[in-house]
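Trainee: fold the following, please.
(one chain, ligands or ions: 1)
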Amino acid sequence: MHDFVDLRSDTLTQPTPEMREAMARAEVGDDVWGEDPTVQRLEALSAERLGKAAGLFVTSGTQGNLISVLTHTRPGQEVVVDYDSHVFNNEVAGAPIIGQVQMRPTKTERGFLTPEQVRDAIRPANIHVPPTGLVCIENTHNRHGGTCCTPEETAAVAAVAHEAGVPVHLDGARLFNAAVALGRPAADFARPVDSVTFCVSKGLSAPVGSVICGSAEFIERARRWRKLLGGGMRQVGVLAAAGIVALERMVERLAEDHANARRLGEGLAKLPGLRVDLASVQTNIVILRVERGAAATAELVAGCAARKVKVHAMGPAAMRCVTHKDVDAEDISRALQAFRELTSRW
Ligand SMILES: *Cc1c(COP(=O)(O)O)cnc(C)c1O
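Mentor: Numbers count the residues shown, from 1 in each chain. Have a look, this model is predicted:
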């Protein structure tokens, strides 16, 4: 039990005591000079977990996706994405601004482009059109509520792109949540794609950072783009040390977050005026629609805060609750109690 029940995001997780200890003890060097052994250990461990040849430690998931787009594409090309994807909605138009690529969004059911949609979105060779440079997919899908797609679905989409000579990037900010939820090794999801980014800073609870994994040649070129973006860091092994603990100790426990999200979702779905699509509660995110609209949503957020439960409004009539290691089963009971009180007279 915690002072506040903070369901706003899994980015709010505090580093564990073991992480802080590893950070204090980390052997470090200048990573731009290729001399930080702790960063190299994290990159090698990440690559191994994802079945790729090499890894690159970057400042954030946003930087990881941007570097990946820059490394795969040329200016004037188009990037095929899902309409609700993070890279299209939440990365400040970095790819169009810095990479000079056009985004090609397509609406999907649960956040996942089908092979047919990818086939339709890839441009034919024609003087009028921007050539397709990349397909970018997301797993788990943030805006669709932490939904997962399987390695087989990933492979089917990648096959269509590869047939057309187009590479595929996987925004796997929460890829380990998908791996744990579906009981499959993370490498199974990464195998069909050319590059993948995951965050150590979300449910895995490290304070900072993401890792891009891909071929050795891809990562070598990505390293130049990281430097260009100002992401070349020096004795950054102090941060990578926490990332190593994240990968070694924090992956299996994501199952607890999923169980807590499930219980929260099922409890909220029973309350009047709230709607939860339980089929989309597959990992650690619960999206809650408030039938009474914007004012009621704002009241709920404020009422929860007064009861020491922090939740995040998502648009005018929805909320997002995210479970993570700093929310335990008792906290879920407290959150449900707060919502029960607030909706009791609806
Ligand atoms: C959080 C997130 C990112 C970006 O990660 P930051 O470290 O916050 O920049 C990218 N993609 C998805 C799907 C995310 O949820």
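Trainee: what about V81, neighbour count?
Mentor: 27 (other Cβ atoms under 10 Å). The C-beta positions use only the backbone N, C-alpha and C, and glycine is treated the same way.
Trainee: how far out from the middle of the chain is the strand or helix carrying it?
Mentor: Following DSSP states H and E, the helix or strand that holds V81 is strand 78-82. Taking the mean of its C-alpha atoms, strand 78-82 sits 17 Å from the chain's own mean (Cα atoms, centre = their mean, to the nearest Å).
Trainee: hmm, the helix or strand following that strand touching the ligand?
Mentor: Going down the chain from strand 78-82, the next helix or strand is helix 86-89, by DSSP H and E. Yes - for helix 86-89, a contact with the ligand is found by Cβ under 6 Å from any ligand atom, at H86.
Trainee: report the distance from helix 86-89 to the chain centre.
Mentor: 11 Å.
Trainee: could you work out the end-to-end span of stretch 318-326 for me?
Mentor: 23 Å (Cα to Cα, to the nearest Å).
Trainee: quick one: that stretch near the ligand?
Mentor: No - residues of stretch 318-326 contacting the ligand under Cβ under 6 Å from any ligand atom: none, with a closest distance of 9.8 Å.
Trainee: now swap in stretch 299-316 and tell me
Mentor: No - applying Cβ under 6 Å from any ligand atom, one finds stretch 299-316 separated from the ligand by no less than 12.8 Å.
Trainee: the helix or strand bottoming out on mean pLDDT in the chain: partners in the sheet, and parallel or antiparallel?
Mentor: Least confident helix or strand, the chain: strand 312-313 with a mean of 93, by mean pLDDT, DSSP states H and E. In the sheet, strand 312-313 lines up against strand 318-322 (antiparallel) (DSSP bridges).
Trainee: tell me what the very next helix or strand once past the strand it pairs with is packed against?
Mentor: Remark: after strand 318-322, the chain's next helix or strand is helix 329-343, criterion DSSP H and E. Helices and strands touching helix 329-343, by 3 or more Cβ pairs under 8 Å, 6 or more residues apart in numbering; DSSP states H and E, are strand 5-6, helix 254-269, helix 294-306, strand 309-310.
Trainee: what sits up against helix 329-343?
Mentor: 1-2, 5, 7, 260, 263-264, 267-268, 271-274, 299-300, 303-304, 307-309, 311, 321, 323 (Cβ atoms under 8 Å, 6 or more residues apart in numbering).
Trainee: any idea what the closest residue to the ligand within the stretch 151-300 of the chain is structurally, helix, strand or coil?
Mentor: Closest to the ligand within the stretch 151-300 of the chain is A173: 3.3 Å, counting by Cβ to the nearest ligand atom. Three-state call for A173 (DSSP: H, G, I helix; E, B strand; the rest coil): coil.
Trainee: chain center to the least confident helix or strand of the chain: distance?
Mentor: In terms of Cα atoms, centre = their mean, the centre of strand 312-313 is found 18 Å from the chain centre.
Trainee: hmm, who's touching that strand?
Mentor: Outside strand 312-313, the residues touching it (Cβ under 8 Å, 6+ apart) are 7-9, 297-298, 301, 319-322.
Trainee: could you flag which of those residues are buried?
Mentor: 7-9, 297, 301, 319-322 (16 or more other Cβ atoms under 10 Å).
Trainee: kindly reformat those as CSV containing pLDDT and distance to M19.
Mentor: Shown next, in CSV, are the buried ones among the contacts of strand 312-313 (pLDDT from 0 to 100; distance: Cβ to Cβ, whole Å):
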residue, pLDDT, distance to M19
L7, 98, 22
R8, 98, 21
S9, 98, 18
T297, 96, 35
V301, 96, 31
M319, 96, 30
R320, 96, 26
C321, 98, 25
V322, 98, 20
